[in-house]
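Peer 1: What follows is a predicted protein model with its sequence.
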Protein chains: 2
Amino acid sequence: MHFSDRLNSRIQDLRAPAVVGLDPHLHRLPTPLRERFEHLSGDARRTAAAEAVLEWGVAVLDGISGVVPATKPQVAFFEQLGSAGVAVLEVLCQEARNRGILVLLDAKRGDIGSTAEGYARALLDDDGPIGADAVTLSPYLGRDSIEPFLARCEQGKGLFVLVRTSNPGGGDLQVEHTAAQGVAGWIRAWNAERVGECGYGPVGAVVGATVPDEAIALREAMPRSIFLVPGYGAQGGTAADTRPCFDANLGGAIVNSSRGVIFPTPEQVEIYDADPAMLVRLRAQAFVKDLRENVR
Amino acid sequence: MHFSDRLNSRIQDLRAPAVVGLDPHLHRLPTPLRERFEHLSGDARRTAAAEAVLEWGVAVLDGISGVVPATKPQVAFFEQLGSAGVAVLEVLCQEARNRGILVLLDAKRGDIGSTAEGYARALLDDDGPIGADAVTLSPYLGRDSIEPFLARCEQGKGLFVLVRTSNPGGGDLQVEHTAAQGVAGWIRAWNAERVGECGYGPVGAVVGATVPDEAIALREAMPRSIFLVPGYGAQGGTAADTRPCFDANLGGAIVNSSRGVIFPTPEQVEIYDADPAMLVRLRAQAFVKDLRENVR
């Protein structure tokens, strides 16, 4: 089944154009889990921390299950734990699938032909170690660096190519050197040949909630691209700021929240330490409610 | 010790401005090693293949030891074997260090602040799982995406930022949207504040051997940046094509060869199957000889 149709039907079922980041910042894990590794160092610390991350990650997935259609694991936070962390990422992607949660893997990979093929196998292929539903890609190396991933769209996989990112320096190349415009043109062409039943193609675009004015033009430039929208919450974007990323019918976009869902406010630390899944569920529901009420 | 000084002194000791890629294309491993995993599938195949890659990788490191100053492992080829592959990458980076071979990790990472910090810990930090000497970075997300890595230069680490890549689509953003020029300006500024005794800074630039005309202007734009030069050999660049990447004294650049060193020609398959380290040593010596004779 076409990736955009799969994602879209899950968004509609849950009335939630929302994705929750799975970013294991070690110092923000629940206290009982942190105590298992904080006194250790080196390999022993990484192994113990990876086990704690697995337990925390399962709690997060339990919390968001049935609330949002997808999770976005940030690969860097697993890689910093070495191969033990990567093994946990593999298990958590399987756990997400078991719960019917789509995995949009935030890897931001980009490399030349034969190497891009290696990453596509590593991250997307169903007989590979991770088998994500979609992956984020960085376009600096040009169109041919995306093509091995495009081939995976025939097997129901999706891509989210960085176009206009939400960080302070996002405009350095993307705006000042008009790179975002260039990439938007490629995405438009790729999707035109691959539209699903919902009207969208498999090549999504990362467009930050922090640049609503630019999002208007990018939405027009890529009418058949699902926008993955970071920058909501911790990075300063509001639900209303994400509005230009959606189409006229409030489709075609999925907003990400990470720290605002998976970690507690100072007042919530006790409940988070006692039952992280419950706290994550409450925060995920509040996130979805904010989108429903304020994206209109 | 400053990264550029460490690299430079190894280059001069060996009279070899050369780096050998460590890219385990599984179908090109020696026959006796391939036979250990080719009949398997799924996890069992990945585990067996990872063990074969470890044995092959040690042979490659034995072959290039004392011939070239550095190796460039391509992370994608390890990631496609899942966590077992990442564990092998960790061991091979340690084996390289044991032999005095610098590790320039080809990861092409690029992400926003806190995530870039995670990758820096994962790939460069000495108490991290890999502890590479330098890492390749993709600049699409802007200057602030590089900064967490720049902080590692104070601890003797180096960076190679993608500027002008050697693949067919390399110019799509880098030339058509003048992104290469923009990144070259950042690199120039970063190095100006961080020059080592050899006259070079820690922020290298990836500039392909396939674009010698552009390399002239880029060399001028980044006078204190060591160029990491892919595209020699299999991708069509000759030793003479790399000349513009060097400075007037034939310093300031390091040329990469992967498939032309680590795999045999059809005539060399038998000797490679019997003794991969010896074949790699012969091919590495021929590579260095070509650079000595034809970069002038």
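Peer 2: Sure, I can see it.
Peer 1: in the stretch 151-296 of chain A, which spans are helices?
Peer 2: Here the stretch 151-296 of chain A has its helices, by DSSP state H, counting those that start in this stretch, at A:171-174, A:179-192, A:212-221, A:259-262, A:269-274, A:276-294.
Peer 1: contacts for the fourth one?
Peer 2: Which is helix A:259-262. A:20-23, A:25, A:28, A:60, A:64, A:232-234, A:280, A:283-284, A:287 (C-beta atoms under 8 Å, 6 or more residues apart in numbering or on different chains). Yep, even glycine has a C-beta here, placed from its N, CA and C like the rest.
Peer 1: ok, back up a step: export the helices of the stretch 151-296 of chain A as a markdown table, with columns for mean pLDDT.
Peer 2: Shown next, in a markdown table, are the helices of the stretch 151-296 of chain A (pLDDT from 0 to 100):
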| stretch | mean pLDDT |
| --- | --- |
| helix A:171-174 | 98 |
| helix A:179-192 | 98 |
| helix A:212-221 | 97 |
| helix A:259-262 | 97 |
| helix A:269-274 | 98 |
| helix A:276-294 | 98 |
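Peer 1: now those helices as TSV including distance to B:Val195?
Peer 2: What follows is the helices of the stretch 151-296 of chain A, written out as TSV (distance: least, C-beta to C-beta, whole Å):
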stretch	distance to B:Val195
helix A:171-174	23
helix A:179-192	30
helix A:212-221	38
helix A:259-262	38
helix A:269-274	47
helix A:276-294	48
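Peer 1: got a markdown table for those helices, with mean neighbour count and distance to B:Gly204 too?
Peer 2: What follows is those, written out as a markdown table (neighbours: other C-beta atoms under 10 Å in any protein chain shown; distance: least, C-beta to C-beta, whole Å):
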| stretch | mean neighbour count | distance to B:Gly204 |
| --- | --- | --- |
| helix A:171-174 | 24 | 19 |
| helix A:179-192 | 20 | 22 |
| helix A:212-221 | 17 | 32 |
| helix A:259-262 | 22 | 34 |
| helix A:269-274 | 15 | 43 |
| helix A:276-294 | 19 | 42 |
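Peer 1: that older thread, buried subset of the contacts of helix A:259-262?
Peer 2: With neighbours counted by 16 or more other C-beta atoms under 10 Å in any protein chain shown, the contacts of helix A:259-262 contain buried members at A:Val20, A:Gly21, A:Leu22, A:Asp23, A:Val60, A:Ile64, A:Tyr232, A:Gly233, A:Val280, A:Arg283, A:Ala284, A:Phe287.
Peer 1: Test my guess that the fifth one contacts A:Ala277.
Peer 2: Yes - taking contacts as C-beta atoms under 8 Å, A:Val60 lies within contact range of A:Ala277: 7.3 Å.
Peer 1: residues contacting A:Ala239?
Peer 2: Counting by C-beta under 8 Å, 6+ apart, A:Ala239 makes contact with A:Tyr232, A:Val255, A:Asp290, A:Leu291, A:Glu293, A:Asn294, A:Val295.
Peer 1: Point to the residue nearest the middle of chain A.
Peer 2: In chain A, the centroid-proximal residue (C-alpha atoms, centre = their mean) is A:Lys72; its distance is 3.1 Å.
Peer 1: pretty sure that one contacts A:Ile64?
Peer 2: No - A:Lys72 lies out of contact with A:Ile64 (C-beta under 8 Å); the separation is 10.8 Å.
Peer 1: ok, back up a step: which ones among the buried ones among the contacts of helix A:259-262 also lie next to chain B?
Peer 2: By C-beta under 8 Å from any C-beta of the partner chain, the members of the buried ones among the contacts of helix A:259-262 lying near chain B are A:Asp23.
Peer 1: picking up where we left off before, narrow the contacts of helix A:259-262 to those in strands?
Peer 2: A:Val20, A:Gly21, A:Leu22 (DSSP state E).
Peer 1: what's the closest of those to A:Ala221?
Peer 2: A:Gly21 (26.0 Å; C-beta to C-beta).
Peer 1: give me the number of residues near the residue nearest to that closest one when sequence neighbours are not counted?
Peer 2: Excluding its sequence neighbours, the residue lying closest to A:Gly21 (C-beta to C-beta, 6 or more residues apart in numbering or on different chains) is A:Ser258, at 2.9 Å. If you count neighbours by other C-beta atoms under 10 Å in any protein chain shown, A:Ser258 ends up with 24.
Peer 1: Kindly report the same for the one 10 residues further on.
Peer 2: In terms of burial, A:Gln268 registers 13 neighbours under the definition other C-beta under 10 Å.
Peer 1: Let me know the distance separating it from A:Asp275.
Peer 2: For A:Gln268, the distance to A:Asp275 (C-beta to C-beta, to the nearest Å) stands at 11 Å.
Peer 1: Show me the helices in the stretch 1-150 of chain A, by range?
Peer 2: A:3-14, A:31-34, A:42-64, A:75-79, A:82-98, A:113-123, A:147-150.
Peer 1: any idea how far the residue with the largest distance to the centre of chain A lies from chain B?
Peer 2: The centre of chain A is farthest from one residue, A:His39, which by C-alpha atoms, centre = their mean lies 31.5 Å away. Using C-beta to the nearest C-beta, to the nearest Å, A:His39 is found at 15 Å from chain B.
Peer 1: and if you look at A:Tyr119?
Peer 2: 5 Å.
Peer 1: What is the nearest of the buried ones among the contacts of helix A:259-262 to A:Ser9?
Peer 2: A:Ile64 (17.5 Å).
Peer 1: Surely that closest one and A:Gly57 touch.
Peer 2: No - if you go by C-beta under 8 Å, A:Ile64 and A:Gly57 don't touch, sitting 10.9 Å apart.
Peer 1: Identify the contacts common to these two.
Peer 2: If you check A:Ile64 and A:Gly57 against C-beta under 8 Å, 6+ apart, no residue is contacted by both.
Peer 1: Looking at the stretch 151-296 of chain A, what residue ends up closest to chain B?
Peer 2: A:Gly169 (2.9 Å; C-beta to the nearest C-beta).
Peer 1: Contact partners for that residue?
Peer 2: A:Gly169 neighbours (C-beta under 8 Å, 6+ apart): B:Leu141, B:Gly142, B:Arg143, B:Asp144, B:Ser145.
Peer 1: residues near the first one, how many?
Peer 2: So that's B:Leu141. 27.
Peer 1: If I look at it, what pLDDT would I see?
Peer 2: We have a pLDDT of 98 for B:Leu141.
Peer 1: same thing with the fourth one?
Peer 2: Confidence per residue is given as pLDDT, and for B:Asp144 that number is 96.
Peer 1: shouldn't it be in contact with A:Pro168?
Peer 2: Yes - in this structure B:Asp144 lies within contact range of A:Pro168 using C-beta under 8 Å: 5.4 Å.
Peer 1: Closest one to chain B out of the ones in strands among the contacts of helix A:259-262, please.
Peer 2: A:Gly21 (10.0 Å).
Peer 1: Please report the distance of the closest one from A:Glu90.
Peer 2: On the measure of C-beta to C-beta, A:Gly21 and A:Glu90 end up 18 Å apart.
Peer 1: who's in contact with A:Tyr200?
Peer 2: With C-beta under 8 Å, 6+ apart, A:Tyr200 has these contacts: A:Ser4, A:Asn8, A:Asn191, A:Arg224, A:Ser225, A:Ile226, A:Gly251, A:Gly252.
Peer 1: Distance to chain B added to these, as CSV?
Peer 2: Shown next, in CSV, are the contacts of A:Tyr200 (distance: C-beta to the nearest C-beta, whole Å):
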residue, distance to chain B
A:Ser4, 24
A:Asn8, 27
A:Asn191, 17
A:Arg224, 21
A:Ser225, 17
A:Ile226, 20
A:Gly251, 27
A:Gly252, 23
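Peer 1: most neighbours, which of these?
Peer 2: Most surrounded of those: other C-beta under 10 Å gives A:Ile226, at 30 neighbours.
Peer 1: For it, report the pLDDT, please.
Peer 2: According to the model, A:Ile226 carries a pLDDT of 98.
Peer 1: ok, how many other residues are close to the closest residue to it other than its chain neighbours?
Peer 2: Using C-beta to C-beta, 6+ apart and skipping residues adjacent in sequence, the residue nearest A:Ile226 is A:Gly204, 4.2 Å away. Using other C-beta under 10 Å, A:Gly204 has 29 neighbouring residues.
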